[in-house]
Each structure stands twice: as structure tokens, then as C-alpha cells.
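Asker: Sequence first, then the predicted structure, then my questions.
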Amino acid sequence: MEKGKQIYEGKAKILYETDSPDYLIQYFKDDATAFNAKKRGTIQDKGIFNNKISTKIFEYLEAEGIPTHYEKTLNDREMLVKRVEIVPIEVIIRNVAAGSLCRLLKLEEGLKLSEPILDFCYKKDELDDPLVSEYHVRALGWATDEEIQEIKKYTFKVNELMTKFFLAVNLDLIDFKLEFGRFKGKIILADEMSPDTCRLWEVGTGKKMDKDRFRRDMGNVEEAYQEVLSRVSK
Ligand code: TMP
Ligand code: ASP
């Protein structure tokens with residue numbers, strides 16, 4: 001597939017057209033941002049780690065019946081993906097309290113939730129990706145009720161599958177963010193799944209193996225991404 005012109009550049013990825021209207025090339029950058037780009041930096045080879053980790057996860061989810069935009073991995077930093085119309089919502093699932101949930105409700109980090117919490121956030125950096133409800137999503141026309149039900153069903157299923165997947169390599173899946181898109185009228189999982197978009201704590205030690213190491217200047221950021229890749233490759 002021929003690489004065409006760049007159509008989008010986000011904080012962590014670039015999208016290029018291909019010679020097919022149905023496919024794009026998704027390029028993973030080393031740029032890292034946090035707190036809606038108020039903090040910026042670089043994580044060396046992050047693009048390579050996240051491309052490979054996302055590949056493993058998309059292949060696993062597809063095999064388990066979750067439709068995704070993933071087609072194939074082209075090289076170290078690029079994957080071929082279906083061209084979707086992105087639903088402008090970040091879907092977050094939390095199994096354990098961390099990050100913005102702790103800030104919002106003054107909860108202690110690490111509190112085990114008695115059931116997963118699903119949050120919708122409107123994807124808008126200028127507004128700091130505000131928390132919204134299903135009512136906002138419907139009323140503002142970001143997705144239909146049928147699409148919302150489909151998104152929730154896939155998100156809970158992905159949570160079950162990914163919790164199992166990471167536990168098998170001694171990582172606790174604390175929370176993660178998903179994005180969905182429309183492809184030929186159907187909702188499919190898009191974007192990426194990586195230590196940028198998941199919180200992963202080592203079982204037993206609780207060691208953080210994700211972007212919180214960058215957000216909080218904890219050091220050994222690259223090592224953590226490398227370690228996650230090596231574990232999911234097993
Ligand atoms: P939060 O605790 O900051 O709301 O993040 C919850 C999860 O979502 C965490 O695993 C990181 C991920 N996330 C993103 O992937 N992108 C974002 O823009 C935000 C805010 C969180
Ligand atoms: N990805 C978001 C940002 O740019 C937030 C985060 O991951 O913390 O700033």
C-alpha cells in the first residue's frame with residue numbers, strides 16, 4: 001500500500017492517506033504529553049514500543065471477536081488501519097482508583113472499585129477533555145443511542161479480555177482509555193492500546209509500568225515501556 005499525504009497530526013500519532021480510500025497508515029511518534037499537553041516531552045522509542053504493544057493487543061482482541069481498525073503492522077512505527085470517522089469521545093474504564101478519579105473525589109490511589117466505572121469524556125484539549133454523560137453524547141449528536149450501547153458493550157468486553165491478558169504477564173490493569181470510530185456504518189475500536197492509554201501496575205510490587213512515570217517524573221520511563229512490550233510478547 002502506497003503512503004500518501006499526511007491528513008492529521010495528533011500528540012502521539014500521525015495519520016497518512018494510502019492509495020485506498022478505506023485505509024490509513026498510523027505512525028507512532030516518540031512525543032509525550034500529559035495534562036492535555038500542558039506538559040510535553042519525548043520518550044525515546046515510545047513510538048516503536050506502542051506500535052508493537054498495540055499490535056499484540058489488537059491481534060488478541062480481533063481473535064476474541066472485538067472489531068478493530070487494525071489491519072496489519074507495516075514496520076517499527078507504522079500500522080495499516082481502517083479509515084474511520086472518530087466518535088469524539090474518550091471512553092475510560094476504571095477497575096482501581098487512580099489519576100483524575102482520585103483528584104475529583106479525593107480517593108486514595110489504589111482503592112479497588114467494587115465494579116468497573118465507565119466514564120465518557122469529550123475529546124477537546126482546549127476544554128481539558130471534560131467528563132460528560134450519555135445524555136450529552138446523545139443530545140449533542142456525537143453518537144446515537146444504538147452506537148453508545150455498542151460502545152459500552154465492547155468496552156466492558158475489552159476490559160474483561162485485557163484484564164485477563166495482562167494478569168497472565170503479572171500486570172494489573174488499573175484503568176484505560178478507548179476511542180471508537182465508524183467504518184461502513186459499524187462501530188469499531190480505533191486509536192491505540194499502550195502504556196500511554198492504560199495504567200498498568202506490576203502484581204505484587206505495585207510498580208507503575210505506564211505513562212504515569214512520565215506524568216510524575218518518576219524516571220525509567222523507557223524501561224517500563226520496554227518491559228511491557230517484552231511481557232506482552234511472551
Ligand atoms: P485519568 O485518570 O487521567 O482520567 O486517565 C484514565 C486513563 O485514561 C489512564 O489510563 C490514562 C488514559 N488517558 C488517555 O489515554 N488519554 C487522556 O487524554 C487521558 C486524560 C487519559
Ligand atoms: N494524553 C493526554 C495529554 O496530552 C493526557 C494524558 O495522557 O495524561 O495531555
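Answerer: Now that the structure is in, tell me what you want to look at. Ligands and ions are numbered 1, 2, ... in the order given.

Asker: Any residues of this protein in contact with ligand 1? List them.
Answerer: Taking C-beta under 6 Å from any ligand atom as the measure of proximity, the chain contacts ligand 1 at 90, 92, 98-101, 129, 175-177, 196-199. C-betas here are computed from N, CA, C, even on glycine.

Asker: Show me which of those residues are buried.
Answerer: Buried members of the residues of the chain next to ligand 1, scored by 16 or more other C-beta atoms under 10 Å, are 90, 92, 98, 100-101, 129, 175-177, 196-199.

Asker: In TSV: those, plus secondary structure.
Answerer: Rendered in TSV, the data for these read as follows (DSSP: H, G, I helix; E, B strand; the rest coil):
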residue	secondary structure
90	strand
92	strand
98	coil
100	helix
101	helix
129	coil
175	strand
176	strand
177	strand
196	coil
197	coil
198	strand
199	strand
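
Asker: and of those residues, the nearest to residue 58?
Answerer: The shortest distance between residue 58 and any of these, using C-beta to C-beta, involves residue 197 and amounts to 12.5 Å.

Asker: which residue does this structure bring closest to ligand 1?
Answerer: With C-beta to the nearest ligand atom as the measure, residue 99 is the residue of the chain nearest to ligand 1, at 2.2 Å.

Asker: For that residue, give me its contacts.
Answerer: With contact set as C-beta atoms under 8 Å, 6 or more residues apart in numbering, residue 99 has these partners: 175, 199, 212.

Asker: top strand in this protein by residue count?
Answerer: Among the elements of type strand in the chain, defined by DSSP state E, the one spanning the most residues is strand 112-122.

Asker: Pull out the buried positions in it.
Answerer: If you call a residue buried by 16+ other C-beta under 10 Å, then strand 112-122 has these buried ones: 118-122.

Asker: Partner strands of it, with direction?
Answerer: Sheet neighbours of strand 112-122, with direction, are listed as strand 89-96 (antiparallel), strand 131-132 (antiparallel) (DSSP bridges).

Asker: same for whatever helix or strand comes next after the last one, what does it pack against?
Answerer: The first helix or strand that comes after strand 131-132 along the chain, using DSSP states H and E, is helix 134-139. Counting contacts by 3 or more C-beta pairs under 8 Å, 6 or more residues apart in numbering; DSSP states H and E, the secondary-structure elements packed against helix 134-139 are strand 112-122, helix 145-167.

Asker: All good on my end, thank you.
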